[in-house]
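K.L.:
Sequence and predicted structure below; questions after.
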Amino acid sequence: MQLSPPNLDTVRQTPPAAQARLVGDIGGTHARFGIADGAGAVGAILVLPCSAFDGPAGAIRHYLGQLSVPCPRTAAFGIANPVTGDDVAMTNHPWRFSADALRRSLGLERLLLLNDFTALALSLPLLRPEERHPVGGGSALDGHAIGLIGPGTGLGVSGLVAAGGDHVPLQSEGGHVTLAARDHREAALIDWFRRHHGHVSAERVLSGPGLASLHDAVRALAGQRAMPLPGAEVSARAMSGACPYCAEALHHFCAMLGTVTADLALTLGARGGVYLGGGIIPQLGGFFARSAFRRRFEDKGRFSGYLASIPTFVIATPYAALRGAAAALANPIRVGHEAAEGAQ
């Protein structure tokens, strides 16, 4: 198995063992691991393909072996899945495991598992200005809810709700809400998905696999023969102008994401802003800024003015969720599921 080692300059920042916390961000495609110090700063980051390992324990042991360090005694992992108890069966990946069995196999005293977008939400107050790029206007208001959404292998949704001068992170599966059409063309595309999948959730369209299927749908409605492409290739051809069907697919992707993001903002009253994470949107760069996303975000009839006042930001740092996982260990509000030594 040929996997790149972590950057040695980063590894040298590994904190003393007593302060070290193992943190992870486990998605449907990649698992990211790092070591956090007592202040929550994260270094020694390594990204691994989930498909190279039978489960998280193997990926973690490989990561620690690359560092040549013992496993810390405390860990927190964000994972792209509902976290409702000890048993974890990932939605978009075949890994299934027991949190407590994982804790014992790694020799951990404490293991906290939480939804990956809950971890990402906890990082939002920690982002520096250069780690977020505004799309459109509006100004964030202190003391109000903050929304979070992001397409990747799936569609993550979370946020922070203001409470008592602080924020409570949400454990949400909002990516599985039913997707609605804004016009006749979108209705035809969604009907294509319905005929192939039954229920058409937002995630079914607004994700990497969803973008690939959206391209299939555009071609089918145009009477063109099928030409399956992965989502990343659809994006690349759309941005280069090489394929009109890819361009239309990515146009609808950004527009529909604007509508779903506005629904989230209205549901939460997210006048503290809405952030876009995940693996797809940060890669679109200027294309996304010029897309129909923001216009559709504000296109809500009588509440267009309300939404125009809410800023939207693209998260511009790839490892924010690791900082959020570290913050979860110190958060007094219970999030996710905790397995601990001596617990019943």
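P.N.:
Done, it's in.
K.L.:
how about the spatially most distant residue from the centre of the chain, phi and psi?
P.N.:
Centroid-distance maximum for the chain: residue 223 at 34.3 Å, with CA atoms, centre = their mean. Torsion angles at residue 223 (phi, psi; degrees, to the nearest 10) stand at phi 70, psi 20.
K.L.:
Could you check how far it is from residue 245?
P.N.:
Counting by CB to CB, to the nearest Å, the gap from residue 223 to residue 245 is 11 Å. Yep, even glycine has a C-beta here, placed from its N, CA and C like the rest.
K.L.:
now swap in residue 329 and tell me
P.N.:
Using CB to CB, we find residue 329 at a distance of 46 Å from residue 245.
K.L.:
who has more neighbours, those two?
P.N.:
Shown here are residue 329 and residue 245; by other CB atoms under 10 Å, residue 245 has more neighbours (22 against 16).
K.L.:
give the contact list for the more buried one.
P.N.:
Counting by CB atoms under 8 Å, 6 or more residues apart in numbering, residue 245 touches 215, 218, 219, 222, 224.
K.L.:
Next: residue 311.
P.N.:
With contact set as CB under 8 Å, 6+ apart, residue 311 has these partners: 134, 136, 137, 138, 139, 140, 273, 274.
K.L.:
So which of the residues you listed are in strands?
P.N.:
Judged by DSSP state E, the subset of the contacts of residue 311 located in strands is 134, 274.
K.L.:
Going through the contacts of residue 311, which ones are buried?
P.N.:
Among the contacts of residue 311, those classed as buried by 16 or more other CB atoms under 10 Å are 134, 136, 138, 140, 273, 274.
K.L.:
Tell me how this protein divides into domains.
P.N.:
The chain breaks down by automatic domain parsing into domains covering 8-121+319-340, 128-316.
K.L.:
In TSV: the ones you listed, plus mean pLDDT.
P.N.:
Listed next are the domains of the chain as TSV, based on pLDDT from 0 to 100:
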stretch	mean pLDDT
domain 8-121+319-340	90
domain 128-316	96
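K.L.:
Off-centre distance for the top helix by length along the chain?
P.N.:
The residue-count maximum for a helix in the chain (DSSP state H) belongs to helix 244-268. Distance of helix 244-268 from its chain centroid, counting by CA atoms, centre = their mean, to the nearest Å, is 16 Å.
K.L.:
Next, the buried residues of that helix.
P.N.:
Those would be 245-265, 268, for helix 244-268 by 16+ other CB under 10 Å.
K.L.:
Helices along the stretch 151-300 of the chain, start to end?
P.N.:
For the stretch 151-300 of the chain, the helices defined by DSSP state H, counting those that start in this stretch cover 184-197, 202-205, 208-221, 231-240, 244-268, 281-284, 286-290, 293-298.
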